[in-house]
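**Q** I'd like to go over a predicted model; first the sequence, then the structure.
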Amino acid sequence: MYISRVELDVNNIGKIRNLTHVGAFHDWVEKGFPKEIEGNVRTRKLWRVDSLNEKTYLIVVSYKVPDTKMLERYGVEGSVETKCYDNFLNSLKKGMKMRFRVVLNPVVSKKNDENSRRGRIVPCLKIEEQKQYLLDRSEKNGFLLLPEDIVITERTSVKLYKKNFDRVDMVKVSYEGVLTIADIEKFREILTTGLGKHKAYGFGLMTVMPLE
């Protein structure tokens, strides 16, 4: 596994003018792996956009090394960094406390009546619901959380334009906090395959660092 980042060239409006919705970011990430496109074999990539020290970055976790030039398509030239992720993943142990950051699309299924086989997908809009969404998915994915250890740093919505030009608005919630690793295999899987829905559109990538 590899983890990469590139600084977005936010001061070059002409360069990034096409990044108007999450589908455009998805296309950028996919085109960062031209050999996969040529071979018609697509592997899962996780990505999200982060801000750090007044700079904006695209972060990508992938099975293959991305093409530097293609990642610089909307990025600052020379800003691509790629590291092997496996050594870090293998260093994680059960019981470790970690600072985490993750962006999720919190939605739940609600049935209209008791006879309905399928529920209606509805977004979690209240802060309490959004925190509970993460709490409900913590232990089954190999980590433990307390409500007081979760901080929501951003609550907004993002746009996705489909091929028929229909617009879909998706709730975006950014979480930070402290967790404890409970099941190392499940936890490593979440770090490499993502958490929750719509992973292709910038959701589900959790990054962690040891609590000092």
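**A** Ah, there it is.
**Q** helix, strand or coil for Val103?
**A** Of the three states, Val103 takes strand under DSSP: H, G, I helix; E, B strand; the rest coil.
**Q** what are the ranges of the strands in the protein?
**A** For the chain, the strands defined by DSSP state E cover 2-7, 46-52, 55-62, 81-84, 97-104, 107-110, 120-123, 143-144, 150-161, 167-181, 206-210.
**Q** to Ala200, which of these lies closest?
**A** Among those, the nearest to Ala200 by C-beta to C-beta is strand 46-52 (8.7 Å). For the C-beta atoms, the positions are set from N, CA and C on the backbone; glycine is no exception.
**Q** the inter-axis angle of the closest one versus strand 150-161?
**A** Relative orientation of strand 46-52 versus strand 150-161 (axes from the mean of the first three to the mean of the last three C-alpha atoms, to 10 degrees): 120 degrees.
**Q** excluding chain neighbours, what is closest to Pro210?
**A** Closest residue to Pro210 apart from its sequence neighbours, by C-beta to C-beta, 6 or more residues apart in numbering: Met98 at 6.1 Å.
**Q** please disregard the earlier target; I meant Ile59.
**A** Nearest non-adjacent residue to Ile59, counting by C-beta to C-beta, 6+ apart: Arg5, 4.8 Å away.
**Q** now the one you found: how far from Glu128?
**A** Here Arg5 is placed at a distance of 33 Å from Glu128 (C-beta to C-beta, to the nearest Å).
**Q** how about Asp183?
**A** 26 Å.
**Q** ditto for Val173
**A** When distance is defined by C-beta to C-beta, Val173 is 12 Å away from Glu128.
**Q** more neighbours: those two, which one.
**A** With neighbours defined as other C-beta atoms under 10 Å, Val173 and Glu128 compare such that Val173 has more, 25 against 9.
**Q** from Gly23, how far off is the more buried one?
**A** 19 Å.
**Q** any regions of this protein where pLDDT drops low?
**A** Applying pLDDT under 70 to the chain flags the ranges 111-118.
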